[in-house]
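Colleague: 3D model of this:
(one chain, ligands or ions: 1)
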Amino acid sequence: MPSEEVFILFQRLVQKKLGIYLSKQKRLMLGHRLAKRLAKTNIASFSHYYRYINSPENSAELELALELITTNETFFFREPQHFDFLEKHILPQLNPNKAFKVWSAASSTGEEAYSIAMLLSQHYQAPWSLCASDVNKSVINHAKKGIYQNERAKLLPQHYKESFCCKGIDEYQGYIRVKPALRQRINFFCFNLLDPMEGLGQFDVIFIRNVMIYFEDETRQAIINAISKRLSVNGYLFISHSETLHGLEHKFELIQPAIYRLQARCL
Ligand SMILES: C[S@@+](CC[C@H](N)C(=O)[O-])C[C@H]1O[C@@H](n2cnc3c(N)ncnc32)[C@H](O)[C@@H]1O
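Modeller: Sure, this is the predicted structure:
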């Protein structure tokens with residue numbers, strides 16, 4: 001485990017690069033997650049490893065270290081109330097002559113984006129597009145492949161599995177793979193929520209779930225300001241049920257727990 005002093009250096013680095021705030025209680029976790037990189041790079045101490053990843057020629061190692069610090073837990077149709085709301089309240093009100101645009105803004109390995117894509121494919125006949133991004137390159141590569149252990153797809157309703165997934169055979173026994181037609185509907189890319197968002201375009205719905213929980217209020221506020229500018233007026237924002245916009249300045253109206261609608265252009 002890193003010493004307290006070295007932990008503080010990592011803490012600052014992680015907050016600067018990812019926005020993630022590591023509380024003191026995360027010292028052991030940080031040690032566990034980085035231990036295999038120390039072994040792999042043959043570096044004996046956390047302080048040497050810290051110096052190593054901060055030198056410009058080791059930027060690839062810094063990226064790996066940061067990836068190990070992100071928590072990527074996700075699953076299909078997580079927080080099903082959001083998908084019900086999308087299907088029953090948002091889709092019926094859309095103008096079918098205008099493409100419906102959705103962004104899954106911390107998509108991890110893709111289960112959230114594929115859940116949205118399955119729902120839209122099955123329940124929305126007009127044009128739609130879906131972007132899905134994450135700061136972690138490895139999870140984005142996983143998402144693009146669309147291969148999941150059966151165990152991880154337990155909450156994926158059977159009719160979606162049958163329509164949109166193939167069963168793995170041989171070495172892929174025990175896995176499913178999202179069919180190419182659906183995979184091609186999603187634009188997966190790496191994106192850090194701390195970076196400028198102007199180039200991303202405009203969306204009607206943004207899912208930003210189970211990520212702001214790792215940020216402090218100042219970072220959350222900056223992200224909410226930037227995200228608000230990416231949403232069309234009356235567009236919807238979905239956060240996790242374990243998160244809140246409480247205490248932040250914003251122009252959202254709370255519609256249901258964890259579902260907000262943008263009332264007017266923010267700040
Ligand atoms: C717990 S997962 C949430 C996945 C999905 N949204 C869900 O609710 O199931 C959190 C994701 O946020 C990503 N993340 C953390 N910091 C980020 C940042 N600064 N920019 C973009 N993504 C970030 C992590 O890499 C991780 O994949």
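
Colleague: so residue 259 bridges to which residues?
Modeller: Assessed by DSSP bridges, residue 259 has beta-bridge partners residue 238, residue 256.

Colleague: that one and residue 39: what is the separation?
Modeller: Going from residue 259 to residue 39 by CB to CB, to the nearest Å gives 44 Å. C-betas here are computed from N, CA, C, even on glycine.

Colleague: the more surrounded of those two?
Modeller: Taking residue 259 and residue 39 together and counting by other CB atoms under 10 Å, residue 259 has the greater number of neighbours (21 against 10).

Colleague: need the contact list for the more buried one.
Modeller: By CB atoms under 8 Å, 6 or more residues apart in numbering, residue 259 lies in contact with 81-82, 85, 236-238.

Colleague: do that again at 10 Å, thanks
Modeller: Residues near residue 259 by CB atoms under 10 Å, 6 or more residues apart in numbering: 81-82, 85-86, 89-90, 205, 236-239, 241, 252-253.

Colleague: cool, residue 103 as well?
Modeller: 113, 116, 129-133, 187, 191, 197, 200-208, 227, 230-231.

Colleague: part of a strand, is it?
Modeller: Yes: assessed by DSSP: H, G, I helix; E, B strand; the rest coil, residue 103 belongs to a strand.

Colleague: how about the residues of the stretch 151-267 of the chain near the ligand?
Modeller: 192-194, 209-211, 240 (CB under 6 Å from any ligand atom).

Colleague: try 5 Å
Modeller: Proximity of the stretch 151-267 of the chain to the ligand, by CB under 5 Å from any ligand atom, involves residues 192-193, 209-211.

Colleague: which pLDDT does the model give residue 257?
Modeller: The predicted structure scores residue 257 at 95 on the pLDDT scale.

Colleague: next, count neighbours for it.
Modeller: Residue 257 is surrounded by 10 other residues when neighbours are defined as other CB under 10 Å.

Colleague: for the spatially closest residue to it that is not a sequence neighbour, give me its contacts.
Modeller: Among residues not flanking residue 257 along the chain, residue 241 sits closest, at 5.9 Å (CB to CB, 6 or more residues apart in numbering). Residue 241 makes contacts with 78-79, 81-82, 209-210, 256-259, as judged by CB under 10 Å, 6+ apart.
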